[in-house]
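Engineer: the amino acid sequence is not available; the structure is as follows:
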């Protein structure tokens, strides 16, 4: 990003990140559409009532990831590979701890959150089921955002977007499979979402551990990562 026309460089880097945030929000939107079309209005209302909570979680995870990428990008720009390795490993460890904490805390506060939002009694059970499964798999959302932030910090904003687009497609296919073929209803779209999120997380983790990244080679340069 230090060479060429600045505004073009900024656009080519920032647009994939913005599109990625939109795709993460689309998980819940697709879930809502599928249950509304193939399950019923109660299921539609149940999944739709969780939209603001899901949006808050996506924004929270994206914000944490942005904060960690600042330190990583500074180390990368300074060619300080030891500090870069420390920053990457610290980010991964903190992410794993947050996965455990947020999963446990989320499962405890699912019903209180829904009650505070005034969720109708007739959709409470299905909304609780959807959100409980979502929190049980929130580790995928956290891992994807943190690992994608590491790649973005060294200038690679496109591959995380490609992985996210692929997992969004997988989410849609699994939504239809679980709901239409297996009759799983609200639980089906919730499981489809967390499977897709863990898939995108696995893909960015694979890149970090195989593409000359400090995650696998702590003291080696990461010039080939971007």
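Structural biologist: Here it is on my side, so go on. What you see is a predicted model; the values in this text were computed from it and never measured.

Engineer: dump the residue contacts of the residue most central in space within the chain.
Structural biologist: Nearest residue to the geometric centre of the chain (Cα atoms, centre = their mean): residue 141, 3.1 Å. Residues near residue 141 by Cβ atoms under 8 Å, 6 or more residues apart in numbering: 24, 57, 58, 61, 197, 201. For glycine as for every other residue, the C-beta is placed from the backbone atoms N, C-alpha and C.

Engineer: out of those residues, the closest to residue 146 would be?
Structural biologist: Nearest to residue 146 out of the contacts of residue 141 is residue 61 (Cβ to Cβ; 7.8 Å).

Engineer: please flag which of the contacts of residue 141 sit within helices.
Structural biologist: Among the contacts of residue 141, the members found in helices (DSSP state H) are 24, 57, 58, 61, 197, 201.

Engineer: returning to what we had before: for the contacts of residue 141, which one is nearest residue 69?
Structural biologist: Once Cβ to Cβ is applied, the member of the contacts of residue 141 that ends up nearest residue 69 is residue 61, at 12.6 Å.

Engineer: ok, now how distant is residue 92 from residue 153?
Structural biologist: 13 Å (Cβ to Cβ, to the nearest Å).

Engineer: who's more crowded, those two?
Structural biologist: Comparing residue 92 with residue 153 by other Cβ atoms under 10 Å, the one with more neighbours is residue 153, at 28 against 18.

Engineer: list the contacts of that one.
Structural biologist: Taking Cβ under 8 Å, 6+ apart as the test, what residue 153 contacts is 68, 69, 70, 72, 73, 76.

Engineer: and the fourth one, backbone torsions?
Structural biologist: With angles defined as degrees, to the nearest 10, residue 72 shows backbone torsions of phi -60, psi -40.

Engineer: for it, which non-adjacent residue is spatially closest?
Structural biologist: Spatially, and ignoring its direct neighbours in sequence, residue 72 is nearest to residue 153 (3.9 Å; Cβ to Cβ, 6 or more residues apart in numbering).

Engineer: how far off centre is stretch 165-183?
Structural biologist: 17 Å (Cα atoms, centre = their mean, to the nearest Å).

Engineer: then stretch 122-141?
Structural biologist: Computed by Cα atoms, centre = their mean, the chain-centroid distance of stretch 122-141 equals 15 Å.

Engineer: can you give me the buried ones in it?
Structural biologist: By 16 or more other Cβ atoms under 10 Å, the buried positions in stretch 122-141 come out as 123, 126-131, 133-135, 137-141.

Engineer: farthest-separated two in those?
Structural biologist: 123 and 139 (26.5 Å).

Engineer: look up how far residue 95 lies from the residue nearest to residue 72.
Structural biologist: Residue 153 is 14 Å from residue 95, by Cβ to Cβ.
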